[in-house]
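Novice: Sequence plus predicted model, see below.
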Amino acid sequence: MSRRAAKSSTRKVAASWPGSATRSLRRISGPCSSTRRSIAACALAKLWHTAPRPTERRSRRRRRRGSGVWPQRWSPETPATNCVALLIGKREIGYKEPTSPFRGHFAILKPASERNESAAIEARAPKKLFIKSFGCQMNVYDATRMADVLAPEGYEETAQPEQADLIVLNTCHIRERASEKVFSELGKLRELKEDRKARGQTTRIAVAGCVAQAEGAEILRKQRAVDLVVGPQNYHRLPDLVRESFMAPVVDTEFPVEDKFDYLTPPSEEKIRERGVSAFLTVQEGCDKFCTFCVVPYTRGAEVSRPAAKIVAEAEALARAGVREITLLGQNVDAYHGMGEDGATWSLARLLRRLARIEGVLRLRFTTSHPNDMTDDLIEAFADLPALMPFLHLPVQSGSDAILRAMNRGHGARDYTSLIEKIRRARPDLALSSDFIVGFPGETEADFQATLDLIAEVRFASNFSFKYSPRPGTPGAELADQVDEAVKTERLHRLQALVESQRQHFNASLVGRITPVLFEKPGRHEGQVAGKSPYLQPVQIDGSVDLIGREVLVEIMRCGSNSLFGRLVETPERAI
Ligand code: 5AD
Ligand code: SF4
């Protein structure tokens, strides 16, 4: 079967059996029903590895008539052995090696007794998984869920790619630089795969995330070491896709009919504890705003909000396992409008109020927001929900009305500054951060100066700033008046100098103040413990690791370039 044929058959299976072919097989195959079994066999016939070959069909008929050994089945095996085992019940009676799928259909069936013992031992060994995430926090969250969905398959996470049987690059497409990084990383992984092969070890390489969604099968063409390409909406199918990839490269980037969250394996309590006291929770995905510079609406699709009941259940499980801070994630999180527990549509404010009632949840945050969706009820939540941290990431991108219009942001610079005044009236201790793009097509020096003026007026505690990067398929990339690269670089430096001075000023303003700190991990040095202020600043103190998971008042004594240093104040922590 050609690469292309293999790919299209996989797509067909994915389209006709939502939730993947193997899951459907489990659904439709009941005990002792040969009819069901043959339906199941047909389903899997679309995947090479279980397709009955003509010779097998003949021998199957023979066996059915006389031998009495039915039921028997082909089992796609673990990546470690790379084989397909022929089983009667649980007993293996034969196996096929996987060299045949593309080169001719008929693998030679060998008796189980000939099986290489070391391969069988390897099959029983736990498999290692290495995931590298690029880009935003949503990718960080997705990476944890990928690990969760692969855990029941025996995959344990490793920090060492050389040890990994399966490597997943969870990619970002937002800027050209981010996409390029993926391909240079894949070049290194190809060498690693070859080294491991020389040592008799199999390695699967999967590309997930937004580059996978945007480039699909093109990735297989550009880098032949890749075995599997999976879009951000399909990673719940990873176990099946990994198995299929042993037979032919697989691409799954179709927007599925099923909700991936319904199929994701929840992490064990132990796993949640391992990940720490601060957790992400995706509540909304996709974007309908279509800013003219941005690929997100194309790679992540239309806005979808998860039902509140599922979010609450996930948050409760996190809190039970010791999580004390939850950051709600969404590409457009303040546009959240999910079905509430009472059947009505809930806003983000309503969801936050519900989550704040969960025992153990001390801190709530949300990111990333759009100014046009900062509704009054959300602003009120900042005023009267102590668990909602006084820190807001609210991208403005530019301070020039002309550029904001060209970006299709749907608001002007004054709208943004008035909104900030309103939020600060509701929560005077609120600190802000923002994203800025310099050098959007048509940006003049005066437009850029308007951005600097806005920054000077608002005063940001932190920021993310980027040179405009034309993304294929977005309207911005088609605009004629692209800004010269050198001009972009020079403007970025000027903007970063301003926001950096504001950041340092903000950090310094905390010295001498008493602030609650949620402790998360041991500090850099023996006898130190590290946590975060309400404003996401890292804080270190001399103290015991027993403080981890507790929110305690700390007096800030001094600030370094990135961290604050303080001492414990002898007052009771907030009750959990
Ligand atoms: N070029 C530069 N920056 C971009 N961003 C999104 N698309 C582009 C692009 N094409 C930035 C925006 C957004 C952040 C996540 O990335 O500032 O808020
Ligand atoms: Fe991209 Fe954000 Fe604009 Fe949506 S609102 S298109 S995610 S920049």
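Specialist: Structure received. Ligands and ions are numbered 1, 2, ... in the order given.
Novice: need the residues of the stretch 51-200 of the chain near ligand 2, please.
Specialist: The stretch 51-200 of the chain has no residues near ligand 2, with proximity defined as Cβ under 6 Å from any ligand atom. For glycine as for every other residue, the C-beta is placed from the backbone atoms N, C-alpha and C.
Novice: Just say helix, strand or coil for L518.
Specialist: strand (DSSP: H, G, I helix; E, B strand; the rest coil).
Novice: so how many other residues sit close to the residue nearest to it when sequence neighbours are not counted?
Specialist: In space, and not counting its chain neighbours, L518 is closest to E551: 4.6 Å by Cβ to Cβ, 6 or more residues apart in numbering. E551 has 22 neighbours, counted by other Cβ atoms under 10 Å.
Novice: Likewise for D376?
Specialist: Counted with other Cβ under 10 Å, D376 comes out at 10.
Novice: what's near enough to touch it?
Specialist: If a contact means Cβ atoms under 8 Å, 6 or more residues apart in numbering, then D376 has no contacts.
Novice: A383 versus that one, what's the distance?
Specialist: Counting by Cβ to Cβ, to the nearest Å, the gap from D376 to A383 is 10 Å.
Novice: just to revisit the earlier point, am I right that the residue nearest to L518 is in contact with V361?
Specialist: No: between E551 and V361 no contact is recorded; they are 11.1 Å apart, counting by Cβ atoms under 8 Å.
Novice: Can you check which residues contact both of those two?
Specialist: Residues touching both E551 and V361 by Cβ under 8 Å, 6+ apart: R324.
Novice: Next, give phi and psi for R365.
Specialist: In terms of degrees, to the nearest 10, the main-chain angles of R365 are phi -140, psi 170.
Novice: Which strand residues bridge it?
Specialist: Counting by DSSP bridges, R365 forms beta bridges with T327.
Novice: Tally up the residues packed near it, please.
Specialist: 21.
Novice: just the one 4 residues further on next, same as before
Specialist: By the measure other Cβ under 10 Å, the count of residues near S369 is 20.
Novice: what does E421 give?
Specialist: If you count neighbours by other Cβ under 10 Å, E421 ends up with 12.
Novice: Kindly report the same for G343.
Specialist: Residues within reach of G343, counting by other Cβ under 10 Å, total 7.
Novice: Quick one: name the residues of this protein near ligand 1.
Specialist: Within the chain, the positions near ligand 1 by Cβ under 6 Å from any ligand atom are 174-175, 293-294, 395, 397, 435, 437, 466, 468-469, 471.
Novice: same thing but at 5 Å, please
Specialist: By Cβ under 5 Å from any ligand atom, the part of the chain that sits against ligand 1 consists of 174-175, 293-294, 395, 435, 437, 466, 468-469, 471.
Novice: Can you flag the buried ones in those residues?
Specialist: Using 16 or more other Cβ atoms under 10 Å as the burial test, the residues of the chain next to ligand 1 include 174-175, 293-294, 395, 437, 466, 468-469, 471 as buried.
Novice: that older thread, same list (the residues of the chain next to ligand 1) but as JSON lines, adding pLDDT, distance to E194 and secondary structure.
Specialist: Output for the residues of the chain next to ligand 1, formatted as JSON lines (pLDDT from 0 to 100; distance: Cβ to Cβ, whole Å; DSSP: H, G, I helix; E, B strand; the rest coil):
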{"residue": "I174", "pLDDT": "91", "distance to E194": "31", "secondary structure": "coil"}
{"residue": "R175", "pLDDT": "90", "distance to E194": "30", "secondary structure": "coil"}
{"residue": "F293", "pLDDT": "97", "distance to E194": "38", "secondary structure": "coil"}
{"residue": "C294", "pLDDT": "96", "distance to E194": "37", "secondary structure": "coil"}
{"residue": "P395", "pLDDT": "98", "distance to E194": "42", "secondary structure": "coil"}
{"residue": "D435", "pLDDT": "98", "distance to E194": "40", "secondary structure": "strand"}
{"residue": "I437", "pLDDT": "98", "distance to E194": "40", "secondary structure": "strand"}
{"residue": "F466", "pLDDT": "97", "distance to E194": "35", "secondary structure": "strand"}
{"residue": "Y468", "pLDDT": "97", "distance to E194": "38", "secondary structure": "coil"}
{"residue": "S469", "pLDDT": "96", "distance to E194": "32", "secondary structure": "coil"}
{"residue": "R471", "pLDDT": "94", "distance to E194": "32", "secondary structure": "coil"}
